[in-house]
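>>> model the structure of this input:
(2 chains)
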Amino acid sequence: MSLSVFNTLGNRKEPFVPIVPGKVRMYVCGVTVYDLCHIGHARANVSFDIIVRYLRYAGYEVRYVRNFTDIDDKILRRANQEGIPFDAVTKKYIEAFHADFDRLGLLRPEAEPKATEHIREIVTLTERLVRAGKAYAVNGDVYYSVKSFPEYGKLSGKHVEDLLSGARVDVDERKEDPLDFALWKASRPGEPSWDSPWGPGRPGWHIECSAMSMKHLGETFDIHGGGKDLVFPHHENEIAQSEAATGRPFARYWLHNGFVNINNEKMSKSLGNFFTLRDVLGRVKPEALRFFFASSHYRSPIDYSEQSLAEAKAGLDRLYRVKEKAESCRAAGAIPAPLPEGEGYSPLAEAPGRFAEAMDDDFNTAAALGHLFDAVRAMNRIAPSDPASERERAGQFLAGYDLLDPLFAVLGLLRTGATEYFRGGLDSAHAGGVPFTGSLASELELVPAGRLPEGEILRRIEARKAARARKDYAEADRIRKELETAAVLLEDGKAGTTWKYRE
RNA sequence: GGCGGCAUAGCCAAGUGGUAAGGCAGAGGACUGCAAAUCCUUUAUCCCCCGGUUCGAAUCCGGGUGCCGCCUCCA
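Here you go, the predicted structure:
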């Protein structure tokens, strides 16, 4: 089985064959940095994060590039509102982007190019198009001539005639044709500007991605990704510019993620129905959000709700319980042992193969997760209730977990210690992308406000243990209930009593 | 108006010709002093509706209904 991907260019699933065997060059359109990211941005970024992780897992050497659009009208407007320079706005929101997405555990791309740092490349590319007669300058602006590119519309499936009759294209006297779009915009007084052969100005939106992707990945590369809303006009225009300039195919595979909806409607800034990532990460663990995204296919729309998040969290808890047991096996000194034979255990033994088969089918994370849950059931069947005394089972369990962990890693799940997961707060889960270990977290006293500190919990567990020993179950239950009120769950097992915070 | 997508149990969600994964929630059983977790069993005679193709369709074709997206900044 080999990887197939759904290519927007051609609107069908096709085998993935990289230009250079074993290597993948991939460009993903990032965000315009004028505000905090919302859940829709999170979905897009997590989707491509998982795609990169899987490609690497599958053995490809991936060069991943994701840009920041750091000059545009919205940024200038924001700068005016706040009375600060435009690059103070972009600096602030790039930092916010990194802070938020580090918490989500996103891989950093090999390059994160910014438009303002590629003015030279943008101007060069624009000149190239002008020289080729594919673009024209008018009063300091430069426009791309859409009708000079016969294949215009091949990505989005649109026809030039239909676009014109749609009448929603803006009428601009300076353009030769209403469909033409700006490669370079003359700057107005007071606006930031860069020198160019056409006078001071700044780049249009679409040209930056062509210039930056070519610089960092070459004129033809493997994968270009982004949200579905970028298909037209952004990506269509990128193709037109790039291919008209180079005479060569631009990106081979165009991957687009579906939207996050609220009540079945697209979440977006312009509709005002969005939740910022920061806000959501203040309420749920980052991995619960990842789980939520991974539980449906990246191209499908996904409806965001408190209930969905709660279900994701419940599912993630089930996975973390397996990791928790694996940790206790390891702590008990278990040595990985061959997995048990038998049909009941085949979902575990075959998990890597089934996982890969699902992921090879256009990164079907929902199916892949399904197989992981099958494996988890098999794991729970061999789980020792007391790792210290059940050496054989503890070893098998550990081996099983070691088999599954790399698969969870592809989805970016189970990246924290289980103890930290169950006992840590939302804020201590990650700091700068580095997860704290349980002991470090408690050393730093990262106990969420209003929670009982660990020492106090352990004292009460001891008191309850004594009560149970003298069969004073009324007192034991009183302590359990008391802790329950403080959101602490006690779990009695053969190896003793453990505890976790319940949200 | 043009183009595209979706419709699977109470909820979420896989499944593109061979007789309905998985998760959450629910029910019964096991285990447990209690609880939690876990395991076992169970929960869609059927995949929006109507036709058609086929030995056989949730899956293909035609028609219909509903919802969504793009065509303007947008992940």
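>>> and the next element down the chain from the lowest-mean-pLDDT helix or strand in chain A?
Lowest on mean pLDDT, DSSP states H and E among the helices and strands of chain A sits helix A:438-443, with a mean of 36. Next along the chain after helix A:438-443, taking DSSP states H and E as the criterion, comes helix A:454-469.
>>> so who does the residue lying closest to A:A331 once chain neighbours are set aside touch?
Once flanking residues are discounted, A:A331 sits nearest to A:P387: 7.6 Å by Cβ to Cβ, 6 or more residues apart in numbering. All C-beta atoms are positioned from the backbone trio N, CA, C, and that covers glycine. Contact analysis of A:P387 by Cβ atoms under 8 Å, 6 or more residues apart in numbering lists A:K325, A:S328, A:C329, A:A331, A:A332, A:A334, A:R393, A:A394, A:F397, A:A495.
>>> how about 7 Å then?
By Cβ atoms under 7 Å, 6 or more residues apart in numbering, A:P387 lies in contact with A:S328, A:C329, A:A332, A:A334, A:A394, A:A495.
>>> among those residues, which are in strands?
Among those, DSSP state E puts none in strands.
>>> any idea which of those is closest to A:A368?
Taking Cβ to Cβ as the measure, A:A368 lies nearest A:C329 of those, at 24.7 Å.
>>> quick one: that closest one from RNA strand B, how far?
Noted for A:C329: a distance of 14 Å to RNA strand B, by Cβ to the nearest atom of the strand, to the nearest Å.
>>> state the number of residues packed around that residue.
27 (other Cβ atoms under 10 Å).
>>> swap in A:I75?
A:I75 is flanked by 21 other residues according to other Cβ under 10 Å.
>>> let me know the secondary structure of it.
Classification of A:I75 using DSSP: H, G, I helix; E, B strand; the rest coil returns helix.
>>> verify the stated contact: it with A:D87.
No. In this structure, A:I75 is not within contact of A:D87 by Cβ atoms under 7 Å, at 8.9 Å.
>>> grab the nearest non-local neighbour of the residue in the stretch 201-350 of chain A that RNA strand B sits nearest to.
Closest contact between the stretch 201-350 of chain A and RNA strand B, by Cβ to the nearest atom of the strand, is at A:G227 (2.0 Å). Excluding the flanking residues, the one nearest A:G227 by Cβ to Cβ, 6+ apart is A:A44, at 5.0 Å.
>>> distance-wise, check the closest residue to A:A495 other than its chain neighbours relative to A:F292.
Of all residues beyond its chain neighbours, the one nearest A:A495 is A:D386 (4.5 Å), with distances taken as Cβ to Cβ, 6+ apart. Per Cβ to Cβ, to the nearest Å, A:D386 is found 34 Å from A:F292.
>>> out of these two, which sits in the busier spot?
The neighbour comparison of A:D386 against A:F292 (other Cβ under 10 Å) goes to A:F292, with 27 against 14.
>>> please report the distance of the more buried one from A:T365.
From A:F292 across to A:T365, the span is 11 Å (Cβ to Cβ).
>>> now do A:L104
A:L104 is 15 Å from A:T365, by Cβ to Cβ.
>>> okay, those two: which has more neighbours?
Set A:L104 next to A:T365 and count neighbours by other Cβ under 10 Å: A:T365 wins out with 27 against 22.
>>> isn't the more buried one up against A:G412?
No. Proximity of A:T365 to A:G412 does not meet the contact threshold set by Cβ under 7 Å, at 10.3 Å.
>>> which among the contacts of A:P387 gets closest to A:E306?
Proximity of these to A:E306 (Cβ to Cβ) peaks at A:S328, which lies at 32.3 Å.
>>> OK, contacts around A:A378?
Counted by Cβ under 7 Å, 6+ apart, A:A378 has contacts A:G344, A:Y345, A:P347, A:L348.
>>> let me see the confidence value for the first one.
Pointing back at A:G344 there. On pLDDT, A:G344 comes in at 87.
>>> any idea how far A:P85 lies from RNA strand B?
Separation of A:P85 from RNA strand B (Cβ to the nearest atom of the strand) stands at 21 Å.
>>> which helix or strand contains the residue of the stretch 251-400 of chain A found nearest RNA strand B?
Among the residues of the stretch 251-400 of chain A, A:G370 lies closest to RNA strand B, at 2.3 Å counting by Cβ to the nearest atom of the strand. Per DSSP H and E: A:G370 is located in helix A:365-382.
>>> mind listing what's buried in that helix?
For helix A:365-382, the neighbour count (16 or more other Cβ atoms under 10 Å) marks A:T365, A:A367, A:A368, A:L369, A:H371, A:L372, A:D374, A:A375, A:V376, A:A378, A:M379, A:I382 as buried.
>>> what's the closest non-adjacent residue to the last one?
The one in question is A:I382. In space, A:I382 is closest to A:Q396, 5.1 Å off (Cβ to Cβ, 6+ apart).
>>> need the three-state assignment for that neighbour.
helix.
>>> for A:F221, see how far away A:R25 is.
Going from A:R25 to A:F221 by Cβ to Cβ gives 4 Å.
>>> wait, A:E484
Counting by Cβ to Cβ - A:E484 and A:F221 are separated by 55 Å.
>>> more neighbours: those two, which one.
A:F221 (24 against 12).
>>> which residues does that one bridge with?
A:A251 (DSSP bridges).
>>> so what's it up against?
A:F221 makes contact with A:R25, A:Y27, A:S213, A:A251 under the criterion Cβ under 7 Å, 6+ apart.
>>> go back to the residues you listed and keep what's next to RNA strand B.
Among the contacts of A:F221, no residue lies close to RNA strand B (Cβ under 7 Å from any atom of the strand).
>>> for these, pick the one with the most neighbours.
Going by other Cβ under 10 Å, A:Y27 tops the contacts of A:F221 with 29 neighbours.
>>> quick revisit: lowest-confidence one in the contacts of A:P387?
Within the set of the contacts of A:P387, pLDDT is lowest for A:A495 (87).
>>> got the contact list for the closest residue to A:E327 other than its chain neighbours?
Closest residue in space to A:E327, ignoring its immediate chain neighbours: A:A418 at 5.3 Å, by Cβ to Cβ, 6+ apart. Neighbouring residues of A:A418 by Cβ under 7 Å, 6+ apart: A:Y320, A:K323, A:E324, A:E327.
>>> neighbours of the first one, how many?
Neighbouring residues of A:Y320 were enumerated by other Cβ under 10 Å; the total is 24.
>>> in the helix or strand containing it, which residues are buried?
A:Y320 belongs to helix A:306-331 when assigned by DSSP H and E. Neighbour-count burial for helix A:306-331, counted by 16+ other Cβ under 10 Å, picks out A:309, A:312-313, A:315-317, A:319-330.
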